[in-house]
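Enquirer: A predicted structure for the sequence below; I have some questions about it.
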Amino acid sequence: MTFHHKSLFIAMALIAASQVVVAQDDKVTGSVDIIKDFDARLLESNKVNLSPTLPPIDTNTQRQDYIVPPRPLAIKYDAPKLRPLGMKAGKKEDTYNGYAKAGGGVPKTFWGELGYYFGSGDKFDGKVWFRHHSLNAEKSVENQRFFNNDGLLNANIYLSDNLAVEGNIGYSFDRFHYYGYNIDTLSFSEERTRQDFKLITVGGRVYNSERTEADLNFSVAPQFYLLNDFYSNKESGFDLNLTATKWFAEKHPLRVTIRPDLTTFDDTSKQKLNNIYLQPSFTFHSDIVNIRIGGNFASNRDEFKIFPDAEITLRLVGNSIQVFGGAGGDLRKNTYRTMSEYNPFIHIRGTKMRNTEYRNYYAGIKGDFGFLEYTGQFSYATANDIALFQTNFQPSGLTRFSTVYDTATITNIQGTVKIRPFDALIVTGTLSQNISFETNQEDLPWGLPKLEGNFNGVLTVLDGKAKLRGGLYIADGIWFRDIEGITRQKGALFDLSVGGNYYFSDNIGAFLDVNNILNNKRQRWFNYPMVGLNFLAGITARF
């Protein structure tokens with residue numbers, strides 16, 4: 001609306017108002033005729049077109065500085081958890097429960113072995129094992145033959161409260177022949193030279209399968225055996241081992257063992273050899289030194305013996321260089337079982353069963369460099385009633401051996417070493433030398449060697465499919481008296497052997513052992529030459 005129209009509208013409004021006022025004041029009456037309605041129109045206006053323009057762009061770059069005052073924030077968060085990086089798992093080695101081995105060789109030799117492990121989770125496990133080994137070399141030496149049969153059944157049952165029960169039963173049947181006679185002038189049948197040893201062992205154990213909350217371990221282990229031979233000699237033994245161990249700070253054990261060991265031997269008369277042992281000890285472990293202090297209190301036939309049981313180990317350079325020293329002792333039983341296992345050609349009739357009172361004092365050095373483990377030791381021992389083995393020539397002409405007892409002092413030096421120059425090769429060696437072996441009554445330590453050494457190497461090739469073995473066993477000559485009473489020493493032993501095995505598949509393989517390559521006929525026991533060169537080959541299986 002323009003200014004002109006507004007003025008006109010205002011003037012008309014004033015006139016109308018004045019007329020109303022006049023009419024009210026003068027009381028004018030009459031009528032007004034409206035000829036036509038008011039018609040207000042706007043005049044035409046000219047449109048003004050405006051074209052806006054933008055200001056020029058400012059292309060200058062300006063740096064802006066912001067100052068943010070630091071303000072530490074108290075934010076609570078969980079400690080980060082370290083998680084191992086995902087790694088590709090290596091190939092899992094196959095496990096086998098069963099093993100079998102069978103083979104034959106020259107001279108007439110057979111080897112058969114079978115073993116199997118069975119279990120049921122963490123409730124039960126056990127194993128069964130059997131082995132047969134026989135050899136017949138009578139084409140070279142009449143009646144030079146033997147066989148060994150051994151079997152074992154063992155089982156563990158794991159009960160609640162960390163309690164476990166173990167049981168085992170074993171049986172062995174070994175046959176030897178007395179071939180120690182002059183084969184140029186004498187001849188004997190197989191039956192006349194036969195000797196059988198039949199041994200039954202039954203044992204068990206009740207123990208805690210894991211350490212108790214009080215850091216206490218315990219074990220109750222009875223063992224029984226019965227031995228018979230071809231000549232009706234019998235021996236039985238019973239050993240009850242009661243052991244408790246209390247751990248302090250999880251690394252210092254206090255151990256107490258009570259062990260009654262009872263033996264009865266019966267040939268033409270009955271003998272008993274009963275020992276009772278009380279063996280307490282405490283061992284302290286630290287990063288630098290280990291110390292064990294204890295004793296072995298033994299009783300036999302109302303005689304009481306006290307033996308030391310002490311050792312100290314000092315780490316000079318971690319586990320790499322350690323020095324140690326100690327003292328020990330025991331009553332060592334000379335029973336028919338122990339003596340026949342050492343010398344199967346023994347003549348037991350008339351032999352007195354005795355204990356050897358043994359005391360030993362030693363010092364040495366040992367260590368482990370990872371690729372090299374070693375031990376070197378010097379010892380001095382006294383042995384009262386030590387068992388020696390002297391020739392016993394039978395009226396028939398057979399050579400057997402009787403036990404004689406003497407008191408001896410023994411000075412010994414020995415060492416062991418295990419070298420692993422690389423993962424595939426392991427070399428082990430043990431050497432023992434009695435520097436002196438002085439007896440009180442006998443001229444020489446009959447039947448006992450002064451030098452023994454055993455060296456072996458195993459090389460694994462073809463990604464574990466094959467193993468190569470080599471071994472060397474050495475020993476000096478043994479002193480005996482011949483049938484005329486003349487002291488003789490037979491030649492030394494150098495027994496070199498090699499062997500190996502190869503698996504064609506995961507389950508089937510083959511083996512070959514070549515023994516006594518140098519064909520050494522050393523007489524470990526007088527008039528009983530060893531089997532010369534021999535070999536054994538066969539197959540193995542695992543399943």
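Expert: That came through, no problem.
Enquirer: surely Met339 is within a helix?
Expert: Yes - using DSSP: H, G, I helix; E, B strand; the rest coil, the assignment for Met339 is a helix.
Enquirer: how about it, what does it touch?
Expert: By Cβ atoms under 8 Å, 6 or more residues apart in numbering, the contact list for Met339 reads Ile346, Ile348, Thr351, Ala387, Thr403. Every residue, glycine included, has its C-beta placed from N, CA and C.
Enquirer: ok, now which ones touch the nearest residue to the fourth one once chain neighbours are set aside?
Expert: Leaving out its chain neighbours, the residue that sits closest to Ala387 by Cβ to Cβ, 6 or more residues apart in numbering is Asn334, at 4.7 Å. Residues in contact with Asn334 (Cβ under 8 Å, 6+ apart) are Met353, Arg354, Asn355, Thr356, Asp385, Ala387, Thr403, Tyr405.
Enquirer: closest one to Leu240 out of those, please.
Expert: Using Cβ to Cβ, Asn355 comes nearest to Leu240 of the contacts of Asn334, at 18.2 Å.
Enquirer: okay, the nearest residue to Leu398 once chain neighbours are set aside and Phe230: tell me how far apart.
Expert: Sequence neighbours aside, Tyr178 is the residue nearest to Leu398 in space, at 4.7 Å (criterion: Cβ to Cβ, 6+ apart). Plainly put, Tyr178 is 11 Å away from Phe230 if you go by Cβ to Cβ, to the nearest Å.
Enquirer: equivalent analysis for Tyr358, please.
Expert: Tyr358 is 32 Å from Phe230, by Cβ to Cβ.
Enquirer: report how many residues lie close to Arg400.
Expert: When neighbours are counted by other Cβ atoms under 10 Å, Arg400 registers 20.
Enquirer: got the buried residues for stretch 201-209?
Expert: Within stretch 201-209, the residues scored as buried using 16 or more other Cβ atoms under 10 Å are Thr201, Gly203, Arg205, Tyr207, Ser209.
Enquirer: okay, and the beta partners of the residue lying closest to Lys521 once chain neighbours are set aside?
Expert: Nearest non-adjacent residue to Lys521, counting by Cβ to Cβ, 6+ apart: Pro529, 4.4 Å away. Beta-bridge partners recorded for Pro529 (DSSP bridges): Gln523.
Enquirer: pretty sure Pro529 sits against Gln523.
Expert: Yes - between Pro529 and Gln523 a contact is recorded at 5.3 Å, counting by Cβ atoms under 8 Å.
Enquirer: partners of the helix or strand where Gly203 lies, with directions?
Expert: Per DSSP states H and E, Gly203 falls inside strand 194-208. Take DSSP bridges as the rule and strand 194-208 pairs in its sheet with strand 163-177 (antiparallel), strand 216-229 (antiparallel).
Enquirer: which other residues reach the last one?
Expert: With contact meaning Cβ under 8 Å, 6+ apart, strand 216-229 is reached by 195-208, 211, 234-247, 336-337, 340, 348.
Enquirer: which strands or helices does the helix or strand following it pack on?
Expert: Next helix or strand after strand 216-229 toward the C-terminus (DSSP H and E): strand 234-248. Strand 234-248 is packed against strand 216-229, strand 252-266, helix 336-342, with contacts defined by 3 or more Cβ pairs under 8 Å, 6 or more residues apart in numbering; DSSP states H and E.
Enquirer: please enumerate the helices of this structure.
Expert: With helices called from DSSP state H, the chain shows them at 3-26, 336-342.
Enquirer: among those helices, show the one with the smallest mean pLDDT.
Expert: Mean pLDDT per stretch puts helix 3-26 lowest among those, at a mean of 48.
Enquirer: scan this structure for its longest strand.
Expert: Looking across the chain with DSSP state E, the single longest strand is strand 399-422.
Enquirer: my understanding was that Leu518 contacts Ala492; is that so?
Expert: No - Leu518 lies out of contact with Ala492 (Cβ under 8 Å); the separation is 11.3 Å.
Enquirer: still on that earlier bit, name the residues of the longest strand of the chain that come out as buried.
Expert: 399-408, 410, 412, 414-416, 418.
Enquirer: Ile288 - nearest residue in space that isn't next to it in sequence?
Expert: Arg315 (5.5 Å).
Enquirer: right, I mislabeled it, should have said Asn355
Expert: Nearest residue to Asn355, sequence neighbours excluded (Cβ to Cβ, 6+ apart): Leu331, at 4.4 Å.
Enquirer: so that neighbour bridges to which residues?
Expert: Glu357.
Enquirer: that one and Tyr358, how far apart?
Expert: Leu331 sits 8 Å away from Tyr358, going by Cβ to Cβ.
Enquirer: those two: which is more packed in?
Expert: Neighbour totals were compared for Leu331 and Tyr358, and Leu331 leads with 23 against 18 (other Cβ under 10 Å).
Enquirer: residue contacts, Ser140?
Expert: Counted by Cβ under 8 Å, 6+ apart, Ser140 has contacts Pro107, Gly532.
Enquirer: oh, I was asking about Ser497
Expert: By Cβ under 8 Å, 6+ apart, the residues touching Ser497 are Arg469, Gly470, Gly471, Leu472, Tyr473, Asp513, Val514, Asn515, Asn516, Ile517.
Enquirer: buried ones among those residues?
Expert: Gly471, Leu472, Tyr473, Asp513, Val514, Asn515, Asn516, Ile517.
Enquirer: low-confidence stretches in the stretch 51-200 of the chain?
Expert: Counting by pLDDT under 70, the stretch 51-200 of the chain has low-confidence residues at 51-94.
Enquirer: for Gln394, grab the count of nearby residues.
Expert: If you count neighbours by other Cβ under 10 Å, Gln394 ends up with 12.
Enquirer: relative to Glu341, how far out is it?
Expert: Gln394 sits 22 Å away from Glu341, going by Cβ to Cβ.
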